[in-house]
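A.B. asks: I need the structure of the sequence given here:
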Amino acid sequence: MKDLSRNSMKKNEKRCKGKNWRTFIKNYFLEILGIIIIIILLFALLNGRRKSINYNTKNPSSIKVSKKAIVQKNNSKSIEVSQFNKNTYELNKEYFDLFINKYESQGIFRIKPSDILEGNTIIQFSHKVYLIHIFGNKEVIDNIEFRFISHYNNLVENIERGDNFITLYIRRKENFSFYINLRNREKISKNFIKNDTLFYIEYQEGLAE
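C.D. replies: All right, here's what the predicted structure looks like:
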């Protein structure tokens, strides 16, 4: 009898313990789950930091940045050195009225009085340009002054002049700047009508033969 009572007591104890564990887990399930999730996130965060530290120490010069610029004093435009491969349209489309053909290898600048008055007088030409043709009213063309800004002194191969045009034949060597202005503005002040056209500059690009 004693053995039977002992066995029944042990069974009852086991049942009570099982019920207590189930009750404990049921009551604190969310808290336990939250602790487990926090532990997992901490491990993931530590592993991520280790990987990023290893990457940075192994590749200290994986990114190279070059911010060299050529600054023009006249119209305060910065031209990046990396723009060597851009064509004339891409170099000037933000600053001038510029009309181009289908392939962007030929275009015409429309120079307005506002360009001259505001000092917007430097055009960036691509190294592919081999011809610059300036044309317009004779009185205006006679008052035009221009110069090249370049590392080379012999960019111009030939110059042709007429009553209402100037044509420049260029030796293709590098990207260059072209300064153009008017000598006597008072003499041609009647042409300074707002948004009117003073003269045109046509250019042609092509690969060197």
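
A.B. asks: May I see the domains of this protein written out as residue ranges?
C.D. replies: As given by automatic domain parsing, the domain ranges for the chain are 2-58, 83-205.

A.B. asks: can I get these in CSV with mean pLDDT and mean neighbour count?
C.D. replies: Backbone N, C-alpha and C define where each C-beta goes, glycine included. Compiled in CSV, those are given as follows (pLDDT from 0 to 100; neighbours: other Cβ atoms under 10 Å):
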stretch, mean pLDDT, mean neighbour count
domain 2-58, 61, 10
domain 83-205, 89, 16
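
A.B. asks: what sits against the residue nearest to residue 135 when sequence neighbours are not counted?
C.D. replies: Closest residue to residue 135 apart from its sequence neighbours, by Cβ to Cβ, 6 or more residues apart in numbering: residue 165 at 4.1 Å. Shown here is residue 165, whose contacts under the criterion Cβ atoms under 8 Å, 6 or more residues apart in numbering are 133, 134, 135, 141.

A.B. asks: try residue 140
C.D. replies: With contact set as Cβ under 8 Å, 6+ apart, residue 140 has these partners: 182, 188, 191, 198, 199.

A.B. asks: how close does the fourth one get to residue 119?
C.D. replies: Going back to what we said before, that points to residue 198. Spatial separation of residue 198 from residue 119 under the definition Cβ to Cβ, to the nearest Å is 14 Å.

A.B. asks: Next: the second one.
C.D. replies: Residue 188 sits 18 Å away from residue 119, taking Cβ to Cβ as the criterion.

A.B. asks: and which of the contacts of residue 140 is nearest residue 125?
C.D. replies: Here the nearest of the contacts of residue 140 to residue 125, counting by Cβ to Cβ, is residue 199; it sits at 16.6 Å.

A.B. asks: can you give me phi and psi for the residue nearest to that closest one when sequence neighbours are not counted?
C.D. replies: Spatial nearest neighbour of residue 199, chain neighbours left out: residue 136 (3.1 Å); criterion: Cβ to Cβ, 6+ apart. Summarising the backbone geometry of residue 136 under the convention degrees, to the nearest 10, its torsions are phi 160, psi -150.
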